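Asks: Dropping a prediction and its sequence here:
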Amino acid sequence: LTIRAGSYADELVKTAKTIASPGRGILAMDESNATCGKRLASIGLENTEANRQAYRTLLVSAPGLGQFISGAILFEETLYQSTVDGKKIVDVLVEQNIVPGIKVDKGLVPLAGSNDESWCQGLDGLASRSAAYYQQGARFAKWRTVVSIPNGPSALAVKEAAWGLARYAAISQDNGLVPIVEPEILLDGEHGIDRTFEVAKKVWAEVFFYLAENNVQFEGILLKPSMVTPGAESKDRASPQKVADYTLKLLHSRIPPAVPGIMFLSGGQSEVEATLNLNAMNQSPNPWHVSFSYARALQNTCLKTWGGRPENVKAAQDALLFRAKSNSLAQLGKYTG
Ligand code: 13P
């Protein structure tokens, strides 16, 4: 294990520990403008900056959110945005005791030479962007790349994903941002849970190989894995117990205990499913903080309840708080439904 002697080393460890604190997890609200547009369209709203601002104001100002949420991942627009009543969003988060984070990747594009797979862009200029994001108040970063099981994954796609994550992680740490390492293994496909497990093992082996090669400080990163489940179109369904067994087996075989926190993505699971699966993983002590970094599984009901109507803001915030509290209990292994 390599310990970097970079100037931010202690701060990175502290930030990662704060985010990975008992009973708390991450609110992913870093939808790109395109993805945010899809979410807004689902409630009949236009994808304007004003609508995005109204929705994000609702999220960050939910009273008491910081009791359950330790970090919020923002899209670049939101890092520089104010609430509808003119407070900086970053300041609202800090007042709520929530660490602001920033999505730094530039999205997926086709990977030439692969089986119709993709790779994640964003390394060019990343060091200077990261320094600017730190100045603006961000203390952690996210880079999401994906691996597709139906399309392979090819050895090339896995290697590219792992290398990109490792370069990003090293650059983030150099600039004071705790990198969230997210190789999302997409749910799409008819494969069973054993195939997901096999692919995840390969992916995480490569990710840690390159993280080490790039001298990334393991104590100052967070992981954002997919849970190990059957493919979305598989005939098999897995109980929370089975998902927990497979996922913990994967983590134990691949993730060093130096890593402070494992913050799962929800990846299209229902809100309740994502909570139940997390709860099942926290029934006995783990070497890492096992928690959540959900977007859809925290926001779906909240967004629908809001529907773009000012009179529904309070009810929508209550819906968000309800999911946040449920996942907080699941992080502690105490969710009872
Ligand atoms: P979901 O929880 O909706 O999968 O999103 C999490 C995320 O931020 C994916 O990068």
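Replies: Thanks, I have it.
Asks: Tell me the residue of the stretch 101-250 of the chain that sits nearest the ligand?
Replies: In the stretch 101-250 of the chain, the residue that lies nearest the ligand is residue 144 (4.0 Å; Cβ to the nearest ligand atom). For the C-beta atoms, the positions are set from N, CA and C on the backbone; glycine is no exception.
Asks: how many other residues sit next to that residue?
Replies: Using other Cβ atoms under 10 Å, residue 144 has 21 neighbouring residues.
Asks: what do you get for residue 11?
Replies: Going by other Cβ under 10 Å, the residues that sit close to residue 11 add up to 16.
Asks: so how far is residue 25 from it?
Replies: Applying Cβ to Cβ, to the nearest Å, the value for residue 11 to residue 25 is 21 Å.
Asks: so residue 74 makes contact with residue 137?
Replies: No - using Cβ atoms under 8 Å, residue 74 is not in contact with residue 137, being 9.7 Å away.
Asks: anything in contact with each of these two?
Replies: The contact sets of residue 74 and residue 137 overlap at 90, 100 (Cβ atoms under 8 Å, 6 or more residues apart in numbering).
Asks: Compare the two and say which one has the larger neighbour count.
Replies: Ranked by neighbour count (other Cβ under 10 Å), residue 74 and residue 137 place residue 74 first, with 28 against 19.
Asks: so what pLDDT did that one get?
Replies: Looking at residue 74, its pLDDT reads 98.
Asks: does the residue of the stretch 101-250 of the chain closest to the ligand sit in a helix, a strand or a coil?
Replies: strand (DSSP: H, G, I helix; E, B strand; the rest coil).
Asks: which residues does the closest residue in space to residue 8 that isn't next to it in sequence contact?
Replies: Distance criterion Cβ to Cβ, 6 or more residues apart in numbering; nearest residue to residue 8, sequence neighbours excluded, is residue 176 at 4.3 Å. Going by Cβ under 8 Å, 6+ apart, residue 176 touches 8, 11-12, 130, 134, 139.
Asks: wait, which of the residues you listed is closest to residue 213?
Replies: residue 12 (18.6 Å; Cβ to Cβ).
Asks: Let me know the pLDDT of the residue nearest to the closest one when sequence neighbours are not counted.
Replies: Closest residue to residue 12 apart from its sequence neighbours, by Cβ to Cβ, 6+ apart: residue 220 at 3.1 Å. What the model reports as pLDDT for residue 220 is 98.
Asks: Counting neighbours, what do you get for residue 220?
Replies: Neighbours around residue 220, by other Cβ under 10 Å: 30.
Asks: wait, isn't it in contact with residue 9?
Replies: Yes - judged on Cβ under 8 Å, residue 220 makes contact with residue 9 at a distance of 6.9 Å.
Asks: any idea how far the most centrally placed residue in the chain is from the ligand?
Replies: Closest residue to the average C-alpha location of the chain: residue 293 at 4.3 Å, with Cα atoms, centre = their mean. Taking Cβ to the nearest ligand atom, to the nearest Å as the measure, residue 293 falls 6 Å from the ligand.
Asks: where does that residue land in three-state SS?
Replies: strand.
Asks: residues in contact with the nearest residue to the residue of the stretch 101-250 of the chain closest to the ligand once chain neighbours are set aside?
Replies: Leaving aside its sequence neighbours, residue 144 sits nearest to residue 182 (Cβ to Cβ, 6+ apart; 4.4 Å). Contact analysis of residue 182 by Cβ under 8 Å, 6+ apart lists 142-145, 165, 223-225, 265.
Asks: Apply 7 Å and report the result again.
Replies: Neighbouring residues of residue 182 by Cβ atoms under 7 Å, 6 or more residues apart in numbering: 142-144, 224, 265.
Asks: Strand partners (parallel or antiparallel) of the helix or strand where it lies?
Replies: Assessed by DSSP states H and E, residue 182 sits inside strand 178-185. Using DSSP bridges, strand 178-185 pairs in its sheet with strand 140-147 (parallel), strand 222-223 (parallel).
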